[in-house]
Each structure stands twice: as structure tokens, then as C-alpha cells.
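A.B. asks: After the sequence you'll find the predicted model.
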Amino acid sequence: MALFVVALTASFVGLSYAATTVSLGSANGFGVLAGSTITSTGNSVIHGSLGLSPGASVTGFPPGIVNGTQSITNTAAAQAQTDLATAYTNAAGQSTSSTVPTELGGTTKTAGVYDSASGTFGITGTLTLAAQGNPNAVFIFKTASTLITGGASSVVLINGAQACNVFWQVGSSATLGANSAFKGNLLALQSATLTTGANVEGRVLARNGAVTLDTS
């Protein structure tokens with residue numbers, strides 16, 4: 001009986017720290033979703049839908065291209081924002097596996113829920129996410145404040161890791177550096193800025209503020 005109790009306790013401990021996938025609901029179909037404005041400079045390309053609610057200002061398309069629908073201040077965009085708020089709360093509420101330093105560049109992370117000792121995250125160089133052969137491995141990064149990536153920085157997925165299973169819960173705003181290569185679903189409470197040539201494999205979803213693109 002004692003051995004059974006020990007095993008059961010260990011099982012519950014493991015479950016409490018395991019990252020579980022974050023459902024995006026109807027926001028899943030949007031490559032870009034914002035609350036106030038969406039602005040593009042240059043030839044930005046969005047593979048997926050573009051959504052804005054409750055704001056109404058979208059500029060830069062064309063010359064930017066949206067390979068999906070544009071939902072501006074309509075029912076679909078409002079529902080996507082509601083679902084984004086639920087997803088954001090889910091990600092923020094998951095139990096932390098590890099508290100790590102602000103700088104993620106130069107490190108390799110396995111599946112789990114990570115937060116920052118300083119309340120911010122940055123990536124200079126390369127962050128590697130290793131799924132250890134599990135294509136369903138989930139990675140969640142929680143920051144109370146900002147996410148800032150350096151120019152030409154990258155997030156690299158190995159051992160079966162998938163961008164759809166990577167979630168970035170950002171407590172204020174995110175800025176992705178010039179010519180950076182970012183992976184995952186960016187869930188920002190405020191705004192997201194993609195500087196010149198920044199590339200995202202995933203989604204850029206801003207609850208209250210703007211999304212700004214520059215040949216992204």
C-alpha cells in the first residue's frame with residue numbers, strides 16, 4: 001500500500017507541471033489578430049486570415065498580401081478575440097515547470113511551462129526547442145512583461161517539435177527583431193511589432209493593441 005501511495009503521488013506531481021495544449025478556438029484560423037490597428041509597411045504576407053476587433057483601421061494591404069479572409073470589426077473577429085482571451089488565460093494559468101533567466105538564446109528547452117525570473121524574455125542568437133521524439137510536445141513561455149528578440153535571432157524546432165504546439169504568453173507587448181525567424185503562437189496582451197523582415201511560423205495575436213508589420 002505504501003508503494004502504491006508513493007507512485008500515485010509522483011504521478012500527480014508530474015501532471016501538475018506538464019504543459020497542456022492551449023486551445024485557440026476560432027482564433028486558430030487567423031495569422032494576425034489585433035485589438036486596435038493593423039499596419040503593414042512593404043510587401044508583408046499573411047498566410048491565414050487577418051482579424052481586427054474592436055478597432056477598424058487596417059493599412060498596407062495592398063501591397064501586403066493576405067492569403068485568407070479579412071475580418072474587420074465583425075462577428076468573426078469579435079469571437080476570435082473572445083477565444084484569444086480564453087487562450088491567454090489558459091496559458092497564463094498553467095503551472096510553471098521551470099523559472100529561467102530572461103535570455104533564451106543559446107539554450108535548448110524540452111517540453112514544459114517556462115517563466116522568467118525577471119518577468120521578461122529575450123532571444124539573442126538561437127533558441128532550440130526539442131520535442132524528444134514527441135510531435136505532441138507542448139512548450140509554453142510565460143512573461144509578465146515584454147518579449148524582445150534580437151536581429152537575425154531564431155527559434156529552431158528539433159526532434160519532432162511543431163510550431164503549432166509552442167505558445168508565448170506575453171504580459172505586455174512583443175517586438176521581433178529584423179530578419180528574425182520566430183516559431184509559435186504569440187499571445188500578447190497589448191501589441192506585437194515585427195520589424196523589417198521578421199518571419200513568424202505560427203500566429204501573431206494581440207488582445208488589446210496593435211500589430212505592426214514591416215515586410216514580414
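C.D. replies: Arrived safely. Numbering: from 1, shown residues only.

A.B. asks: which residues touch the residue sitting nearest the centre point of the chain?
C.D. replies: Nearest to the centroid of the C-alpha atoms of the chain, with distances taken as CA atoms, centre = their mean, sits Leu186, at 2.1 Å. Applying CB atoms under 8 Å, 6 or more residues apart in numbering, we find Leu186 in contact with 147, 168, 170, 174, 192, 200, 202-205. For glycine as for every other residue, the C-beta is placed from the backbone atoms N, C-alpha and C.

A.B. asks: Among the residues you listed, name the ones in strands.
C.D. replies: Secondary structure defined by DSSP state E assigns 147, 168, 170, 174, 192, 200, 202-205 of these to strands.

A.B. asks: Next, format those residues as CSV and append distance to Pro101 and pLDDT.
C.D. replies: Formatted as CSV, these follow (distance: CB to CB, whole Å; pLDDT from 0 to 100):
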residue, distance to Pro101, pLDDT
Leu147, 14, 98
Trp168, 16, 98
Val170, 17, 98
Ala174, 18, 98
Ala192, 23, 98
Val200, 24, 98
Gly202, 23, 98
Arg203, 26, 98
Val204, 25, 98
Leu205, 26, 98
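
A.B. asks: As CSV, the residues you listed with neighbour count would be great.
C.D. replies: Below are the ones in strands among the contacts of Leu186 laid out as CSV (neighbours: other CB atoms under 10 Å):
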residue, neighbour count
Leu147, 26
Trp168, 25
Val170, 30
Ala174, 25
Ala192, 27
Val200, 24
Gly202, 20
Arg203, 23
Val204, 29
Leu205, 29
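
A.B. asks: which of those sit farthest apart?
C.D. replies: The largest separation in the ones in strands among the contacts of Leu186, counting by CB to CB, is between Leu147 and Arg203 at 14.2 Å.

A.B. asks: pLDDT averaged over the longest helix anywhere in the chain - what is it?
C.D. replies: Ranked by number of residues, the top helix in the chain under DSSP state H is helix 75-93. Confidence for helix 75-93, expressed as mean pLDDT, is 98.

A.B. asks: Next secondary structure element downstream of it?
C.D. replies: Using DSSP states H and E, the helix or strand that directly follows helix 75-93 along the chain is strand 98-100.

A.B. asks: So which elements touch that next one?
C.D. replies: Under the contact definition 3 or more CB pairs under 8 Å, 6 or more residues apart in numbering; DSSP states H and E, strand 98-100 sits against strand 112-116.

A.B. asks: Okay, now the sheet partners of the strand it packs on, with direction.
C.D. replies: Strand pairing for strand 112-116, using DSSP bridges, gives strand 98-100 (parallel), strand 139-143 (parallel).

A.B. asks: out of those, which comes closest to Ser36?
C.D. replies: Nearest to Ser36 among those is strand 139-143; the distance by CB to CB comes to 20.8 Å.
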